[in-house]
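Asker: Fold the stuff below for me.
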Amino acid sequence: MIKLDLKKETQAAMDFTKYVTTQWNSRLVGSKACLACGDYIYNHLSTFCEKTDKEAFDLHPGAFLGYFRIICVLYFLSLVALVFQAYFLAVIPITISVVIFIFQFFFYKEFLDPLYPQKKGQNVYGSIEPKGEVKQQIIFSAHHDSAHIFNHYQENPEKYGPKILAGAITIFSMFVLSWMFWVVDTFSSLSPTFYWGAFAFLAISGLSLYFFWTFYDRENGTPGAGDNMACLAVAIEVGKYFSKLNSSGEGLQHTRIVIGSWDGEEAGLRGARAFVKKHKAELTQLKTYNFNLECMYDNESLHFLTSDLNGFVPLSTSMVEDGLAVSKQLGYSTSAQAFPLLAGGTDAAEFAKIGVEATTLVAMKWENKDAKSMNYHTTRDTIDAVDPMAVHNSIAIGIHYALEKDKTD
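Answerer: Residues are numbered from 1 along each chain as shown. The predicted model follows:
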């Protein structure tokens, strides 16, 4: 078993997280606070990286959660059309709703973005070069923007999953029934009992949909300590380790280390998407690995993702296997998990979609047990929510993953 003492690095990561999340308690993408935080990170990376850069990009963050309200409006337009038995008119808005839901929620497409105000995001990254020729690079990444406060995570996190599922069922029920009404009415006649029974179900379900999805989130953001400043702090400590190795003449042979801090993750992975789009050629021409980090809440739940973006994007099997092997060498308990449906996505998905090997190391239970243990996307996401052992072990895993990779370039 490999022994690694990272007490100073762990404390430095915790101190960094506490400072940033206190200085900029809310960092919604496009806000002055988030941009100022990005500048601070840039300056911090400049103290140990050989090359540091920051890149602005345009995005429409309001579209990412705003579509919930649009879907509610379209749902009730269909319901009103059903009152007058205008079945064809009912089909149109609910079909648009389903298309929006699939594109925006399941795949994070920029389907409605042009309808919302444009803002500026800012990616920041720095690199540490190897001693010899660069044959591969590992991008240790996290995001520095924080999320909107999710009302139902804040108050009743154990009910969040069922409510999301119930909302999806309600929308698809309206979709199926309105199309059924139209088709049946076109070729025969509807049973009044069935029609009014189905209508009552859609009306009652629609009220639940309205209260949950219209008041889904708040305008202000979370402190974002566990999600995701502590993860950036982990990546920074990995970068500092290899910078010190370079200074001592014992740096990596052929592996470049990149520390990436993406913006706009909480607005649909927009920052990582902008970075990947701009650097696609170099990311694919040079062997690249994206070691992404998320949610440092619970060391006992430490795991590598095998898929992303609601489970629709496969991640690197070899990276997961290597990560598990390194964890075992270190004596840590980690596992491999697929990304749960309806849970969203991480920045690793954007790299995987262009063929870059990627995975995300996560330290969080996906099941929402109770409000006391659920800090993700709430005002409780402060430094107190971060698990120092998860931070320690993630730093160690990241360092040894790079050391092992450098042996096999």
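Asker: All the helices of the stretch 201-350 of the chain, residue numbers only.
Answerer: Using DSSP state H, counting those that start in this stretch, the helices found in the stretch 201-350 of the chain span residues 230-247, 270-285, 317-330, 348-352.
Asker: Repeat that for the stretch 1-150 of the chain.
Answerer: Going by DSSP H, counting those that start in this stretch, the stretch 1-150 of the chain shows helices at 7-23, 32-46, 62-83, 87-100.
Asker: To residue 367, which of those lies closest?
Answerer: With C-beta to C-beta as the measure, helix 62-83 is the member of the helices of the stretch 1-150 of the chain nearest residue 367 (22.5 Å). The way it works is simple: take the backbone N, C-alpha and C, and place the C-beta from them, glycine included.
Asker: Next, the angle from the closest one to helix 87-100.
Answerer: 160 degrees (axes from the mean of the first three to the mean of the last three C-alpha atoms, to 10 degrees).
Asker: buried residues in helix 62-83?
Answerer: Within helix 62-83, the residues that qualify as buried by neighbour count (16 or more other C-beta atoms under 10 Å) are 62-68, 70-72, 74-79, 81-82.
Asker: again, but for stretch 35-55
Answerer: Quick answer for stretch 35-55 (16+ other C-beta under 10 Å): 35, 37, 38, 40, 41, 42, 44, 45, 48, 49, 52, 54.
Asker: again with stretch 197-205
Answerer: By 16+ other C-beta under 10 Å, the buried positions in stretch 197-205 come out as 198, 199, 202, 205.
Asker: Give me the spatial nearest neighbour of the residue positioned nearest the centre of the chain, chain neighbours excluded.
Answerer: Nearest to the mean C-alpha position of the chain, counting by C-alpha atoms, centre = their mean, stands residue 346 at 3.3 Å. With sequence-adjacent residues excluded and distances taken as C-beta to C-beta, 6 or more residues apart in numbering, residue 346 is closest to residue 360, at 4.5 Å.
Asker: Could you verify my assumption that the one you found touches residue 302?
Answerer: No: contact criterion C-beta atoms under 8 Å: residue 360 and residue 302 do not qualify, at 11.4 Å.
Asker: Compare those two (neighbour count), which wins?
Answerer: Set residue 360 next to residue 302 and count neighbours by other C-beta atoms under 10 Å: residue 360 wins out with 28 against 22.
Asker: what secondary structure does the more buried one sit in?
Answerer: When classified by DSSP: H, G, I helix; E, B strand; the rest coil, residue 360 comes out as strand.
Asker: which ones are touching it?
Answerer: 292, 293, 294, 304, 305, 308, 315, 346, 347, 348 (C-beta atoms under 8 Å, 6 or more residues apart in numbering).
Asker: Report the spatially nearest residue to residue 235, omitting neighbours in sequence.
Answerer: residue 140 (4.0 Å).
Asker: In contact with the one you found, which residues?
Answerer: Contact analysis of residue 140 by C-beta under 8 Å, 6+ apart lists 234, 235, 238, 239, 257, 258, 259, 260, 291, 292, 293, 398.
Asker: Let me know the closest of those to residue 86.
Answerer: Nearest to residue 86 out of the contacts of residue 140 is residue 292 (C-beta to C-beta; 48.4 Å).
Asker: quick one: that closest one and residue 232, what's the gap?
Answerer: From residue 292 over to residue 232 the distance is 11 Å, taken as C-beta to C-beta, to the nearest Å.
Asker: Same question for residue 367.
Answerer: Using C-beta to C-beta, residue 367 is found at 25 Å from residue 232.
Asker: Likewise for residue 55?
Answerer: 16 Å.
Asker: Ends of stretch 179-197, what's the gap?
Answerer: End-to-end distance for stretch 179-197, by C-alpha to C-alpha, to the nearest Å: 16 Å.
Asker: so how far is that stretch off the chain centroid?
Answerer: With C-alpha atoms, centre = their mean, to the nearest Å as the basis, stretch 179-197 stands 42 Å off its chain's centre.
Asker: How about stretch 132-140?
Answerer: On C-alpha atoms, centre = their mean, the centre of stretch 132-140 falls 25 Å from that of its chain.
Asker: what's the answer for stretch 163-183, then?
Answerer: Here stretch 163-183 is found 28 Å from its chain centre; the criterion is C-alpha atoms, centre = their mean.
Asker: who's in contact with it?
Answerer: Contact with stretch 163-183 is made by 71, 75, 78-79, 82, 85, 87-88, 90-91, 94-95, 97-98, 101, 152, 190, 195, 198, 201-202, 205-206, 208-209, 212-213, 342, as judged by C-beta under 8 Å, 6+ apart.
Asker: Could you rerun that using 7 Å?
Answerer: Identification of contacts with stretch 163-183 by C-beta atoms under 7 Å, 6 or more residues apart in numbering yields 71, 75, 78, 82, 87-88, 90-91, 94-95, 97-98, 101, 152, 190, 195, 198, 202, 205-206, 208-209, 212-213, 342.
Asker: Can you say which of those are buried?
Answerer: Taking 16+ other C-beta under 10 Å as the criterion, what is buried in the contacts of stretch 163-183 is 71, 75, 78, 82, 87, 90-91, 94-95, 97-98, 101, 152, 190, 195, 198, 202, 205-206, 209, 212-213.
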